[in-house]
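**Student:** What would the 3D arrangement of this be:
(one chain, ligands or ions: 2)
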Amino acid sequence: MAETVTPSGTTGSLLASLDPLLRTWLPRQRWFAGKGRAVTGFTPVSVTELLPPDGRLGLYHLLLRVHQPAAPGAPPHPGDCYQLLIGVREALPPRLAPALIGHVTEGPLAGRTVYDALYDPRPAEVLLEALRTRARIGGLRFERDPGQEIRAGLVARLMTAEQSNSSVVYGDTFILKLLRRVVPGVNPDLELPLALAREGCPRVPAPTAWLHAEVGTQTYVLAVLQPFVSGAADGWELALRELAKGEDFAAEARALGRATAEVHTALARALPTVTLGHAQLEALVDGMTERLTAAVQAVPALLPYEPGLRSAYRALGTLAAEGRTWTAQRVHGDLHLGQCLRSPSGNWSLIDFEGEPARPLAERRMPQPPVRDIAGMLRSFDYAAHSASPPAHDWAHACRAAYCSGYAEVAGRDPRTDPVLLRAFETDKAVYEVVYEARHRPDWLPVPLSAVRRLALPDQEARP
Ligand SMILES: Nc1ncnc2c1ncn2[C@@H]1O[C@H](COP(=O)(O)OP(=O)(O)O)[C@@H](O)[C@H]1O
Ligand SMILES: O=P(O)(O)O[C@H]1O[C@H](CO)[C@@H](O[C@H]2O[C@H](CO)[C@@H](O)[C@H](O)[C@H]2O)[C@H](O)[C@H]1O
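**Tutor:** Numbering: from 1, shown residues only. Ligands and ions are numbered 1, 2, ... in the order given. Predicted coordinates for the structure are as follows:
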């Protein structure tokens with residue numbers, strides 16, 4: 001049963017008008033995860049009127065379950081739930097043309113235009129004001145850290161970067177990340193930065209405010225407001241820039257290794273850690289092997305390397321059988337150069353603790369060996385090296401080594417002293433990347449495939 005709060009009584013009309021329009025608009029959005037499958041209908045999970053449509057601007061917050069046929073071979077699925085902010089206007093000014101969803105032809109809203117309201121500063125400012133004043137509207141709970149103030153009247157602009165979610169910057173002071181595909185439960189994108197803030201870890205912008213929805217007995221995390229690192233460049237841009245100039249990036253890579261270790265150390269203090277013994281390591285190896293099997297089915301180019309890749313996982317299984325144990329803790333989960341921001345003064349921060357969005361929430365919140373993040377970063381230096389022609393392998397090698405040294409300086413353990421574990425995790429990441437690139441950027445497929453070729457060699461040691 002949907003939670004519906006629409007004092008103006010226009011919900012039914014709005015949803016009926018939106019249905020045909022969203023069927024074509026949604027699949028065109030970068031953040032829509034169900035691309036390639038038809039949208040067959042919608043069920044509202046929650047509908048909240050933020051501004052009635054009788055004025056110049058109407059504004060609705062929607063959580064909508066989107067029905068699609070299951071992917072081939074996949075079990076039936078109730079459909080993903082998406083967060084939308086829908087604006088209603090008489091006509092769209094030209095500056096809002098990219099936000100157009102469509103024109104309503106029937107019912108009380110006939111003649112109006114509906115659009116993605118995040119493109120429009122005024123509705124985005126309504127969200128900030130609600131966070132500032134800790135508003136409660138229907139099931140929407142706008143929360144703010146009582147120790148942090150939000151100045152009234154900051155001007156909003158939507159970020160235009162290609163993203164899995166949508167972000168709005170207010171002044172140059174805050175950035176609000178509005179999650180698009182949402183699931184009930186604790187979201188690590190809020191949970192981990194809050195835990196790190198409690199630990200006083202300066203490597204992650206501390207959440208200032210956040211938005212929850214309570215729907216029946218379930219709670220959804222919908223958005224997180226953080227301080228905006230003004231003038232920041234991300235690690236991917238910086239690495240490519242230095243590489244293009246023929247400059248090495250080892251000093252920055254070392255700083256990134258130190259920053260990663262600081263975050264890991266703080267997370268290990270803030271949240272439970274566990275020892276992975278034989279049974280847990282076997283389960284971990286089984287998970288990696290299953291992902292490989294699925295990846296080979298999805299991307300047949302992996303087939304020749306499958307036996308070599310399996311050997312990487314088997315080697316880890318053998319160590320586990322011999323009694324080796326590792327500590328697992330909460331980690332970033334999808335760390336790469338694009339998730340690292342360097343402020344103009346040279347400080348590195350890590351962002352986007354959502355984990356790999358395609359994996360279930362429970363899996364993303366499980367403690368993991370910290371090498372998982374390290375492997376992600378090592379893969380990223382390799383990716384950057386492929387932007388040069390021929391690929392700058394020596395550059396990547398120097399970055400990878402410097403990153404591990406920086407990590408060891410803070411954490412007290414060098415990831416290179418655990419080559420079997422590192423190889424297994426780097427392999428798992430490269431396999432993930434092969435599937436990701438095949439789906440999203442087929443031109444990039446050769447990058448992870450070249451790593452797969454290297455990691456599959458029988459005498460391969462995961463040497464950065
Ligand atoms: N605190 C911040 N300060 C400055 N820019 C940020 C901040 N957080 C995120 N960004 C920018 O927003 C982009 C998207 O953020 P991210 O959390 O990675 O979203 P998504 O999960 O949608 O990819 C980042 O690549 C970065 O450029
Ligand atoms: O940033 P997201 O959370 O959306 O992560 C996804 O997209 C990334 C690409 O944007 C992808 O990262 C891969 O490409 C990067 C270069 O563009 C490279 O630095 C990474 O090492 C590589 O994994 C990421 O895997 C995917 O989850």
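**Student:** which residues are contacting whatever helix or strand L316 lives in?
**Tutor:** Here L316, judged by DSSP states H and E, is contained in helix 306-321. Identification of contacts with helix 306-321 by CB atoms under 8 Å, 6 or more residues apart in numbering yields 277-278, 281-282, 284-285, 288-289, 292, 296, 302, 420-421, 423-424, 427, 431, 452, 455-458, 460. All C-beta spots, glycine's among them, are computed from the backbone N, C-alpha and C.
**Student:** same question, stretch 278-287
**Tutor:** With contact meaning CB under 8 Å, 6+ apart, stretch 278-287 is reached by 274, 276, 313-314, 316-317, 319-321, 323-326, 328, 424.
**Student:** Identify the farthest-apart pair in these.
**Tutor:** Of all pairs drawn from those, the widest gap by CB to CB lies between V274 and R314 and measures 23.3 Å.
**Student:** Now do the contacts for whatever residue of the stretch 151-300 of the chain ends up closest to ligand 2.
**Tutor:** Closest contact between the stretch 151-300 of the chain and ligand 2, by CB to the nearest ligand atom, is at S164 (4.4 Å). Going by CB under 8 Å, 6+ apart, S164 touches 30-31, 180, 354, 357.
**Student:** so what's it scoring on pLDDT?
**Tutor:** According to the per-residue confidence, S164 scores 87 in pLDDT.
**Student:** Would you indicate which residues of the helix or strand that R291 is a member of are buried?
**Tutor:** Counting by DSSP H and E, the secondary-structure element that holds R291 is helix 278-298. By neighbour count, with 16 or more other CB atoms under 10 Å as the criterion, the buried positions of helix 278-298 are 280-281, 284-285, 288-289, 291-292, 295-296.
**Student:** correct me, but P227 touches A206?
**Tutor:** Yes. Look at P227 against A206 with CB atoms under 8 Å: they come within range, at 7.2 Å.
**Student:** Poorly predicted segments of this protein, please.
**Tutor:** Filtered on pLDDT under 70, the chain yields the residue ranges 1-9, 458-464.
**Student:** Tell me how far the residue of the stretch 151-300 of the chain closest to ligand 2 lies from G111.
**Tutor:** Relative to G111, S164 is positioned 35 Å away (criterion: CB to CB, to the nearest Å).
**Student:** do D54 as well
**Tutor:** Between D54 and G111 the distance is 13 Å, computed by CB to CB.
**Student:** swap in A71?
**Tutor:** 39 Å.
**Student:** E262 too?
**Tutor:** Between E262 and G111 the computed distance is 56 Å (CB to CB).
**Student:** Show me which of these two is the more surrounded one.
**Tutor:** The neighbour count for E262 versus G111, taken as other CB atoms under 10 Å, is higher for E262 (21 against 11).
**Student:** Excluding covalently adjacent residues, which one is nearest to the residue of the stretch 251-400 of the chain found nearest ligand 1?
**Tutor:** In the stretch 251-400 of the chain, no residue comes nearer to ligand 1 than D352, which is 3.4 Å away by CB to the nearest ligand atom. What sits nearest to D352 in space, not counting adjacent residues and going by CB to CB, 6 or more residues apart in numbering, is Q339, at 4.9 Å.
**Student:** show me what contacts that neighbour?
**Tutor:** Q339 makes contacts with 234-235, 332, 350-352, as judged by CB under 8 Å, 6+ apart.
**Student:** which among those residues end up buried?
**Tutor:** Judged by neighbour count, with 16+ other CB under 10 Å as the criterion, the buried members of the contacts of Q339 are 234-235, 332, 350-352.
**Student:** what's around R65, how many residues?
**Tutor:** Around R65 sit 15 other residues, with neighbours defined as other CB under 10 Å.
**Student:** now for the helix or strand where it lies, which elements pack on it?
**Tutor:** When elements are assigned from DSSP H and E, R65 belongs to strand 57-67. With contacts defined as 3 or more CB pairs under 8 Å, 6 or more residues apart in numbering; DSSP states H and E, the packing partners of strand 57-67 are strand 41-51, strand 80-89, helix 121-132.
**Student:** Quick check: can you name the pairing partners of it and their directions?
**Tutor:** strand 41-51 (antiparallel), strand 80-89 (antiparallel) (DSSP bridges).
**Student:** now the angle between helix 121-132 and the shortest one, please.
**Tutor:** Going back to what we said before, that points to strand 80-89. Between the axis of strand 80-89 and that of helix 121-132 there is an angle of 120 degrees, by axes from the mean of the first three to the mean of the last three CA atoms, to 10 degrees.
**Student:** ok, and does strand 80-89 reach over to ligand 1?
**Tutor:** No. Contact of strand 80-89 with ligand 1 (CB under 6 Å from any ligand atom) is absent, the minimum separation being 12.4 Å.
**Student:** Could you tell me which residues of the stretch 301-450 of the chain lie near ligand 2?
**Tutor:** 334, 336-338, 352, 356, 379-380, 383, 433, 436.
**Student:** so can I have a markdown table of the helices and strands packed on strand 57-67 showing mean neighbour count?
**Tutor:** Written out in a markdown table, the entries for these read as follows (neighbours: other CB atoms under 10 Å):
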| stretch | mean neighbour count |
| --- | --- |
| strand 41-51 | 19 |
| strand 80-89 | 22 |
| helix 121-132 | 20 |
